[in-house]
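1. Here is a sequence with its predicted model. Questions after.
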Amino acid sequence: MTTTEWIAAALLLLGSLLMLLSAIGLLRMPDLYNRLSAASKATSLGAIFLLAGFAVVQPDPSVVGRAIATILFVLVTVPVASHAIARAGYRDRVPLWKHSTVDEWEGTLDAPTRPDGDKRE
Amino acid sequence: MIELLVHVLLTLAWLLLTGSFGTENIVLGVVLSYLMLALAVGRGEQRGYVQRLPAAVRLFGYFLVELIKANAQVAWEMIDPRHTMSPGVVEVPLDLKTPFAITLLSNLITLTPGTLTMEVSDDHTRLYVHGMYVTDPDRFRAEIKQGFERRVKEVFE
C-alpha cells in the first residue's frame, strides 16, 4: 500500500469508528438531550472523516469538490436539526435525566400550547 | 468588504503573472496578497478586513481543536460502562448583537460534542445551552464566553 492509501484507510476507519460510537451512544445515553449530543456530533465528525477519506483516495477535482461541498452541507444542517429537536423536546416537557446538575432554563417558559391554542394539562 | 475583492484580484494577478496554478502557488499567492493588503490599508481602519481575516483563521483553528478534544471525551463516555457525566442546562448571556454572529455561535456550540444550544431567548440576549459535563455552571458559562464567543466577536463585531 502507498502512503496515500494508508492515510485514506486511517480516515475511513476513524470515521466508521466515530459512527459506531455515536450509534452506541444513541442507545446508551439516558435522556433525549444527551442522546442528541451523542448522536449528532460524533456523526458529523465521522462523516467529515469518511468524506475526507474518499477525497484522498480519488484526488479527482470532481470528487474532492463534491466531498468539500457535502462536508459544508453537513456542518450547516446538523446543528440546526439538533437545535430544533432539542428545543421542541424541551418545550414539550421531555424531562431531563434525573442526575442532571442544573436547569437554568426552567421556569422561564409559558405552558406549551398546541397549534390550535389549547393549553396543555 | 471591498478589501476581499482586492484580495481575490491580487491573488489572481499573482497566479496569472507566475503562470502556475498548483496548490502551493495558490497558497503563496493568497499569503502574499494579504501582506500587500495589510501594508496598504492595515493601519487605517481599526476593525477592517485586514484584522478580521486572521481572527477568522484563529476561530476556525480553535473550533477544530475543540471539535477533536470534545469528540474524544464523548467517545470515551460511550464506551465507559459507567455514566460519568453530569448534564445540565445553563443560561449564557450574550455580548454578541448581530443575528448572524449569534447564529454562528450557537451552531459552533452545537457542533462541538457534549454541548447543545437549546434556545435563543426572544430578545437575543441569552442562549440556553445543554452540556454533558456541567459540574459548575459558572465555569461552563465562562468557557463558552471566553472561548467561542470572544473569538466570534473578534471576527464579526
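-> On my side now, so go ahead.
2. Every contact and neighbour count from this point should use C-alpha atoms.
-> OK.
3. got the contact list for the residue nearest the centre of chain B?
-> Nearest residue to the geometric centre of chain B (Cα atoms, centre = their mean): B:L59, 3.4 Å. B:L59 makes contact with B:148, B:151-152 under the criterion Cα atoms under 8 Å, 6 or more residues apart in numbering or on different chains.
4. Now the host helix or strand of B:L59: buried residues?
-> Assigned by DSSP states H and E, B:L59 belongs to helix B:49-79. The neighbour-count check on helix B:49-79 (16 or more other Cα atoms under 10 Å in any protein chain shown) flags B:49-52, B:55-56, B:58-59, B:63, B:66-67, B:70-71, B:74-75, B:77-78 as buried.
5. Contacts (any at all) between chain B and the helix or strand harbouring A:E5?
-> Using DSSP H and E, A:E5 falls within helix A:3-28. Yes. Using Cα under 8 Å from any Cα of the partner chain, we find that helix A:3-28 touches chain B at A:18, A:21-22, A:24-25, A:28.
6. so that helix versus helix B:49-79, what angle?
-> Going by axes from the mean of the first three to the mean of the last three Cα atoms, to 10 degrees, helix A:3-28 is angled at 60 degrees with respect to helix B:49-79.
7. Just name whatever secondary elements helix A:3-28 is in contact with.
-> helix A:32-57, helix B:49-79 (3 or more Cα pairs under 8 Å, 6 or more residues apart in numbering or on different chains; DSSP states H and E).
8. Give me the mean pLDDT for it.
-> For helix A:3-28, the mean pLDDT works out to 87.
9. B:H83: which element?
-> Per DSSP H and E, there is no helix or strand for B:H83.
10. What number of residues are in the vicinity of residue 14?
-> If you meant another chain, say so; for now it's chain A. A:L14: 18 surrounding residues under other Cα atoms under 10 Å in any protein chain shown.
11. my bad, the chain I had in mind was chain B
-> Burial of B:W14, expressed as a neighbour count using other Cα under 10 Å, amounts to 20.
12. From B:P54, how far off is it?
-> Distance, B:W14 to B:P54, using Cα to Cα, to the nearest Å: 21 Å.
13. Residues in contact with stretch B:120-133: which ones?
-> A:33-34, A:37, A:104-105, B:85-95, B:97, B:99, B:106, B:114-119.
14. near chain A, which residues of chain B?
-> Counting by Cα under 8 Å from any Cα, chain B comes close to chain A at B:71, B:74-75, B:78-79, B:86-91, B:107-108, B:110-119, B:128, B:130, B:132, B:134-135, B:137.
15. which residues of chain B score low on pLDDT?
-> B:1, B:42-47 (pLDDT under 70).
16. 80 instead?
-> For chain B, the stretches with pLDDT under 80 are B:1-3, B:20-23, B:38, B:40-52, B:75, B:77-86, B:113-114, B:122, B:156-157.
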